[in-house]
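Trainee: pasting a predicted model and its sequence here:
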Amino acid sequence: MSNGKKILGDARRKLLIEWLTLSATPLTGTELSKRTNVSRQVIVQDISILKAQKHPIIATAQGYIYNQLSPKTRISRMIACQHSPDQTREELYILVDHGITVSQVIVEHAIYGEITASLMVSTRVEADHFCNKVEQTNSSLLSELTNGVHLHLIEADTNEQIENAIQELRIKGFILED
Ligand SMILES: [Zn+2]
């Protein structure tokens, strides 16, 4: 697609939907901007327009995904956690090792109220990718805003996987308890 020609407006957004729905892996804004010969900022705008049109596009650390999988067949649970920033990798490893997808992290912010970020981390590779990205960009983890307290929305195929993961997190002291 990189023949140097800009693809305009609606045609470009149509392509974005097509690529995102067909791709088995997340696509980064940089990749999408290369394919369409527009700036990354334009892609960010396009994604906002598409989301406003109710397309289920999620921005993750790995890139954009089109969330077409019906999550209804999976079991989800909200868990309250607390840990220091350097324990993030360990926490994510425990969860993905139990076959869990860490869908979201949610924190309470003094000004913005509840902030939700999509993680969509299902493997150690994705956990590493997320942690490395946080380290590289020096961006503080959402949970640093709240003294390490945060919620995770997690998903798994079975209740047992979720219970086992929570059990291990509890032993490691990652679960927020009285
Ligand atoms: Zn966490």
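Mentor: Now that the structure is in, tell me what you want to look at. Numbering: from 1, shown residues only.

Trainee: got the phi/psi numbers for residue 112?
Mentor: When quoted as degrees, to the nearest 10, the phi and psi of residue 112 stand at phi -90, psi -10.

Trainee: any idea how many residues pack against it?
Mentor: For residue 112, the count of nearby residues is 9 (other CB atoms under 10 Å). C-betas here are computed from N, CA, C, even on glycine.

Trainee: not counting sequence-adjacent ones, nearest residue to the residue nearest to the spatial centre of the chain?
Mentor: Nearest to the mean C-alpha position of the chain, by CA atoms, centre = their mean, lies residue 119 at 2.0 Å. Leaving out its chain neighbours, the residue that sits closest to residue 119 by CB to CB, 6 or more residues apart in numbering is residue 102, at 4.9 Å.

Trainee: quick check: buried residues in the helix or strand where the one you found lies?
Mentor: In the assignment (DSSP states H and E), residue 102 maps to strand 101-109. Of the residues in strand 101-109, 101-107 count as buried by neighbour count, 16 or more other CB atoms under 10 Å.

Trainee: likewise stretch 88-101?
Mentor: Per 16+ other CB under 10 Å, stretch 88-101 contains these buried residues: 88-89, 91-96, 98-101.
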